[in-house]
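Undergrad: Need a 3D model of the sequence below.
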Amino acid sequence: MPLFDALGNTLNEKSWDMHRNNSLASDKNGRVPDFVFLAHVVDMSSAMHGPFINRSMSSMPYYTRIYMLPFLPISFLVMLIMWAKSKTFLLSFYNLRGLLHQTWLVPRFGFQYFLPFAAEGINKQIEEAILRADRMGVKVISLAALNKNEALNGGGTLFVNKHPNLKVRVVHGNTLTAAVILNDLPKDVTEVFLTGATSKLGRAIALYLCRKGVRVLMLTLSAERFKNIQTEAPAEFQNNLVQVTKYQAAQNCKTWIVGKWITPREQKFAPPGAHFHQFVVPPVFQFRRDCTYGDLAAMRLPEDVQGLGVCEYTMERGVVHACHAGGVVHSLEGWTHHEVGAIDVERIDPVWEAAMKYGFKPISNAD
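TA: Numbers count the residues shown, from 1 in each chain. Sure, this is the predicted structure:
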């Protein structure tokens, strides 16, 4: 491994120059990826989960390893260097149906996305990655996690509006995320309690369920944002959307959909036997022993996937976040539209059906 070559002074002096030249010319001499998942670093600890640090460790789901904690100061130093100089780089790849899929990494850590003065630099990194993908001939680039934050770039809308002639399709993949959550609900559900109700995913889930006759208790303090979503629903279903401002309103509701982190104290208002579906990161603390908790929306890649060498964060190998799977489906289907901004509720079912057609399996039903 390069790390041990460097420590043992056995590294070929030409290796770094060769790697740099190959990376810069990848769009000229190498195989062009068909799909790119544009991720970012989560935190100091998970930064050491990369395949270039320890292949064995990265081939297993991430968790905090005590023996790696002494290396956190080094991780912090690397973060500073990446913040100052680094550009988006290739993290991993795999092949599916003869197509090359790559994960590129924006050299920014999760906390940096919440620093107001860092927003412009982050968007510049994302924009440069999109333009690079466009020049290379990539078909679809999918924005992961905070790279599609509404407050940051409108779920990718900023880049599509700024560059209207993009050939690469920019997607956030959240349509499939919504589909995974909705298809995990009991078929006979009549009422749900929804937190994060006015977020991108919360809005789509509420509008979809109300059309199915499900009563949705939407937790939000903003009457204006609630009203805006309610008026999007067909008139005959608008009464199925109910604004609530306190967790006590859900004390008789056994189906909770959590899109905003809730404390153990807030979980106490759920009745015994309640199930917590969730699309919040990080997942909520599993405090209630008399309730059950769902996993984050994720899907297992089709069985014919090849070349998987690393795990995607805390997922087992072969399992990816639903938004990642959504980008893959977009690529396999050859769809020519961008999937940015608000989720089109009308497309939730078609995207789900396409995922099933290609052999994706929601993680709760994968085994």
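
Undergrad: Find the helix or strand that the nearest residue to Ser222 once chain neighbours are set aside is a member of.
TA: Spatial nearest neighbour of Ser222, chain neighbours left out: Thr198 (6.5 Å); criterion: Cβ to Cβ, 6 or more residues apart in numbering. Any C-beta I mention is one placed from the backbone N, CA and C, and that applies to glycine too. In the assignment (DSSP states H and E), Thr198 maps to no helix and no strand.

Undergrad: List the contacts of Thr198.
TA: Going by Cβ atoms under 8 Å, 6 or more residues apart in numbering, Thr198 touches Met218, Thr220, Ser222, Arg225, Phe226, Ile229.

Undergrad: Tell me the one of the residues you listed nearest Asn174?
TA: For the contacts of Thr198, the residue nearest Asn174 by Cβ to Cβ is Ile229; the value is 15.8 Å.

Undergrad: can you tell me how far the residue nearest to Ser222 sits from Glu150?
TA: 11 Å (Cβ to Cβ, to the nearest Å).

Undergrad: dump the residue contacts of the nearest residue to Ala298 once chain neighbours are set aside.
TA: Once flanking residues are discounted, Ala298 sits nearest to Ile363: 4.2 Å by Cβ to Cβ, 6+ apart. Taking Cβ under 8 Å, 6+ apart, we find Ile363 in contact with Asp295, Ala298, Met299, Arg300, Met315, Val319.

Undergrad: Pretty sure the second one sits against Phe360.
TA: No. When contacts are counted by Cβ atoms under 8 Å, Ala298 is not listed as touching Phe360 (10.2 Å).

Undergrad: Between those two, which contacts overlap?
TA: Ala325.

Undergrad: farthest pair in the contacts of Ile363?
TA: Asp295 and Arg300 (11.8 Å).

Undergrad: Determine which member of those two has the greater number of neighbouring residues.
TA: The residue with more neighbours, out of Asp295 and Arg300, is Arg300; 21 against 16, by other Cβ atoms under 10 Å.

Undergrad: Distance of the more buried one relative to Gly359?
TA: In terms of Cβ to Cβ, Arg300 sits 9 Å off from Gly359.

Undergrad: same deal with His337?
TA: His337 sits 23 Å away from Gly359, going by Cβ to Cβ.
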